[in-house]
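Student: Would you be able to build a 3D model of this:
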Amino acid sequence: MDFLELASKRYSCRSFLDKNVEKEKLDKILEAARVAPTAVNFQPQRILVLQDKEKLAKLSECTRYGWNAPVIMIICYDKNKSWKRKYDNKDEGVVDASIVTTHMMLEVQDLGLGSTWIGSFDPIKTREVYNIPENLEIVSLLAIGYPSEDAKASEMHYKRIPIEDFVFWNEIKNI
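Tutor: The predicted structure follows:
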């Protein structure tokens with residue numbers, strides 16, 4: 001499958017089978033995170049992989065989402081390791097963690113699994129429940145598993161604005 005086909009077929013899966021994800025597949029997903037580009041190659045990403053039923057059950061304290069996925073990855077970045085832009089000290093860690101999450105989502109799709117980036121979660125409660133140190137900034141939760149038979153993309157998945165609405169050549173006009 002070529003890249004655009006892979007990217008187009010990937011959707012937010014909100015219905016998973018009650019089936020474990022094989023270690024070999026998880027290793028490939030984590031390798032996609034390892035090879036993802038980061039600012040100055042500082043690689044500040046830190047990922048907590050949850051598979052244990054008790055640990056997964058505690059997710060309900062942090063978010064109403066999760067869809068009973070057999071794997072949840074909590075993607076963070078280490079604020080002490082991330083690159084800061086010298087002009088305004090902007091921390092690029094959130095960008096790095098987002099790139100890492102995107103790489104993992106695409107690998108998940110390539111492996112025939114489904115995923116959903118969960119952005120709606122309580123970061124304070126998540127830090128508390130999963131004992132995440134203060135130097136790690138939580139960026140996303142990633143639900144991963146085998147899509148159920150009734151899993152499908154939402155109608156919004158197919159609504160894309162035309163390229164002309166977001167691409168500008170040489171100067172930005174009429175925004």
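Student: in this protein, which spans are strands?
Tutor: Secondary structure of the chain, counting by DSSP state E: strands at 45-50, 71-78, 114-118, 136-145.
Student: who wins for proximity to residue 5 among those strands?
Tutor: strand 114-118 (16.4 Å; CB to CB). For glycine as for every other residue, the C-beta is placed from the backbone atoms N, C-alpha and C.
Student: List of residues touching the closest one?
Tutor: Contact with strand 114-118 is made by 10-14, 16, 63, 65-67, 69, 72, 101, 104-105, 108-109, 140-147, 151, as judged by CB atoms under 8 Å, 6 or more residues apart in numbering.
Student: Show me the residue at the heart of this structure, geometrically.
Tutor: Within the chain, the residue whose C-alpha comes closest to the C-alpha centroid is residue 101; the distance, by CA atoms, centre = their mean, is 3.4 Å.
Student: Surely that one is in contact with residue 143?
Tutor: No - assessed by CB atoms under 8 Å, residue 101 is found out of contact with residue 143, at 11.5 Å.
Student: what residues does the helix or strand of the chain with the lowest mean pLDDT touch?
Tutor: Ranked by mean pLDDT, DSSP states H and E, the weakest helix or strand in the chain is helix 3-9, scoring a mean of 95. In this structure, residues lying in contact with helix 3-9 by CB under 8 Å, 6+ apart are 1, 106, 109-110.
Student: out of these, which is most surrounded?
Tutor: Within the contacts of helix 3-9, most neighbours by other CB atoms under 10 Å means residue 109, with 19 neighbours.
Student: pLDDT wise, what is the residue nearest to that one when sequence neighbours are not counted at?
Tutor: In this structure, residue 109 finds its nearest non-sequential neighbour in residue 10, 4.1 Å apart by CB to CB, 6 or more residues apart in numbering. Per-residue confidence for residue 10 comes out at a pLDDT of 96.
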